[in-house]
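K.L.:
sharing a sequence plus its predicted fold:
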Amino acid sequence: MRTIKTTTGAEIQLDGDLLAILETLYREITVKRNFDRSFEDMIQEIRHLIDQMTEDERKAYLAESLFLNSVKYENDRADAYMRKLASGKK
């Protein structure tokens, strides 16, 4: 299985698991910097990882990312609707 590395040297196996990448980004960028990181810090690291992927790997991870984000969006919408119903507002 192929691996890529963060700028801190942490290895990530490219097995199609988007969560593994997200967890590594959180640990290596957010936690190691004591939550003192910016949008630019994170996007730079994400671009560093993307640059190491093949075109097919990028497509696969983009598809998984879009799917997971669509599920999150749907869940957020449903949650907001349920809270509205529970509050009795129309």
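P.N.:
Here it is on my side, so go on. Numbering: from 1, shown residues only.

K.L.:
secondary structure element for the most centrally placed residue in the chain?
P.N.:
Closest to where the C-alpha atoms of the chain average out (CA atoms, centre = their mean) is Leu22, at 4.3 Å. Using DSSP states H and E, Leu22 sits within helix 18-25.

K.L.:
which strands and helices sit next to that helix?
P.N.:
On a contact count with 3 or more CB pairs under 8 Å, 6 or more residues apart in numbering; DSSP states H and E, helix 18-25 meets strand 11-13, helix 39-51, helix 55-87. All C-beta spots, glycine's among them, are computed from the backbone N, C-alpha and C.

K.L.:
dump those into TSV; add distance to Lys5, mean pLDDT and mean neighbour count as well.
P.N.:
Below are the helices and strands packed on helix 18-25 laid out as TSV (distance: least, CB to CB, whole Å; pLDDT from 0 to 100; neighbours: other CB atoms under 10 Å):
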stretch	distance to Lys5	mean pLDDT	mean neighbour count
strand 11-13	5	97	14
helix 39-51	8	97	12
helix 55-87	14	95	11
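
K.L.:
could you dump those to JSON lines with distance to Tyr26?
P.N.:
Formatted as JSON lines, the helices and strands packed on helix 18-25 follow (distance: least, CB to CB, whole Å):
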{"stretch": "strand 11-13", "distance to Tyr26": "12"}
{"stretch": "helix 39-51", "distance to Tyr26": "10"}
{"stretch": "helix 55-87", "distance to Tyr26": "15"}
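
K.L.:
what about Leu25, how many neighbours?
P.N.:
When neighbours are counted by other CB atoms under 10 Å, Leu25 registers 19.

K.L.:
who touches it in this structure?
P.N.:
Thr6, Met42, Glu45, Ile46, Leu49 (CB atoms under 8 Å, 6 or more residues apart in numbering).

K.L.:
gap between it and Glu74?
P.N.:
24 Å (CB to CB, to the nearest Å).

K.L.:
same check, this time on Ser65
P.N.:
Ser65 is 15 Å from Glu74, by CB to CB.

K.L.:
same deal with Asp56?
P.N.:
In this view, Asp56 and Glu74 are 27 Å apart by CB to CB.

K.L.:
got a list of what Glu45 touches?
P.N.:
Thr6, Thr7, Leu25, Glu28, Ile29.
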